[in-house]
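Participant: I'd like to go over a predicted model; first the sequence, then the structure.
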Amino acid sequence: MTDYAIGDIQGCYDRLRDVLARVSFSPSRDRLWVAGDLINRGPSSLETLRYIESLGSSAVVVLGNHDLHLLAVALGGHPPRRKDTLADILEAPDHDRLVAWLRQQNLCVRDRTRNLVMVHAGVPHIWSAGQAEAYAREVEAIIRGDDAGEYFTHMYGNEPHCWDENLRGMDRWRVITNYFTRMRFIAQDGTLELATKEAAASAPNGYKPWFEYSREDDVRVVFGHWAALEGQTGSNQFIGLDTGCVWGGLLTMMNLDTGEKIHCDC
């Protein structure tokens, strides 16, 4: 079995199949780890979602902000945005099944054997890998439970800006969600800056890319979300796989054991 991790697909189904063909991917012997943002902005969100769901246990998926946005539209009463390409999913005859499957996916996946976690945006330096895993389980339980509609109705927002263990309810779940799915720049105390989306060198005063802070553990973090990085973090500990496929860049997949990266020009 070979485990491959892939960056933001965002509905670019043809490119996904191209890059999988380059390694002769077979779900009977391989697994695909997807670092979030399976869908949206690209031309084939429905085909992408159906394919990943069809892989069953051969797919290991974390939710990205675009995946959560689909759930917010489907369950939380939010209207689609102008640039969304979600209509094919929302109108599909298997819409309910696909939404139910998406709700079962994780925010953080931890592989202790490889000393690795996969998330969409990152893991803040103020959390250990164990804490990140525990906080992810809290929000995943809400997404899967009877209160999911209420969660998605109130999911959006930039506040609280910073983690506090004493937070409760929606404030707690929102800031956990923002760390896992929206984070780029962060302050030493864990305060998030969510407006800036440019490259790492564009950090606002008082902030740095989340991966430039030292961690107390040596866990490797596989993530997507930040296309402007073009996969460059300057560290083997933090592995960025979003290389801007939907923006005309590359779709990048990596062998989790050898570190070999396979690219498809988009």
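Facilitator: Great, that's in hand.
Participant: show me where the stretch 101-250 of the chain has helices.
Facilitator: 129-144, 148-153, 169-181 (DSSP state H, counting those that start in this stretch).
Participant: Return the most buried member of those helices.
Facilitator: Highest mean neighbour count of those: helix 169-181, a mean of 21 (counted as mean count of other CB atoms under 10 Å). C-betas here are computed from N, CA, C, even on glycine.
Participant: Report the buried residues of stretch 112-126.
Facilitator: 116, 117, 118, 119, 120, 121, 122, 123, 124, 125, 126 (16 or more other CB atoms under 10 Å).
Participant: so for that stretch, what's the average pLDDT?
Facilitator: Across stretch 112-126, pLDDT averages out at 98.
Participant: next one: that stretch to chain centre, how far?
Facilitator: In terms of CA atoms, centre = their mean, to the nearest Å, the centre of stretch 112-126 is found 11 Å from the chain centre.
Participant: quick revisit: can you tell me which of the helices of the stretch 101-250 of the chain is nearest to residue 104?
Facilitator: Residue 104 lies closest, by CB to CB, to one member of those: helix 129-144, at 6.3 Å.
Participant: got the CA positions of that closest one in CSV?
Facilitator: Taking Å, rounded to 0.1, in the frame of the first residue of the first chain, the C-alpha atoms of helix 129-144 are listed here in CSV:
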residue,chain,number,x,y,z
ALA,A,129,-0.6,17.7,18.2
GLY,A,130,-2.6,16.0,20.9
GLN,A,131,-4.5,19.2,21.7
ALA,A,132,-5.2,19.8,18.0
GLU,A,133,-6.6,16.3,17.7
ALA,A,134,-8.9,16.8,20.7
TYR,A,135,-10.2,20.2,19.6
ALA,A,136,-10.9,18.8,16.2
ARG,A,137,-12.9,16.0,17.7
GLU,A,138,-15.1,18.6,19.5
VAL,A,139,-16.1,20.4,16.4
GLU,A,140,-16.5,17.2,14.3
ALA,A,141,-19.0,16.0,16.9
ILE,A,142,-21.0,19.1,16.3
ILE,A,143,-20.9,18.9,12.5
ARG,A,144,-22.1,15.3,12.7
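Participant: Show me the contact partners of that helix.
Facilitator: Defining contact as CB atoms under 8 Å, 6 or more residues apart in numbering, one finds that helix 129-144 is touched by 63, 71, 103-104, 106-108, 110, 117, 119, 123, 127, 148, 151, 172-173, 176-177, 180, 217, 219.
Participant: Just the ones in strands from the buried residues of stretch 112-126, please.
Facilitator: Counting by DSSP state E, the buried residues of stretch 112-126 place 116, 117, 118, 119 in strands.
Participant: In CSV: those residues, plus distance to residue 35.
Facilitator: Shown next, in CSV, are these (distance: CB to CB, whole Å):
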residue, distance to residue 35
116, 12
117, 11
118, 6
119, 7
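Participant: just curious, which of those residues is nearest to residue 197?
Facilitator: For those, the nearest to residue 197 is residue 119 (17.7 Å; CB to CB).
Participant: hang on, the closest one packs against residue 62?
Facilitator: Yes - if you go by CB atoms under 8 Å, residue 119 and residue 62 touch, sitting 5.8 Å apart.
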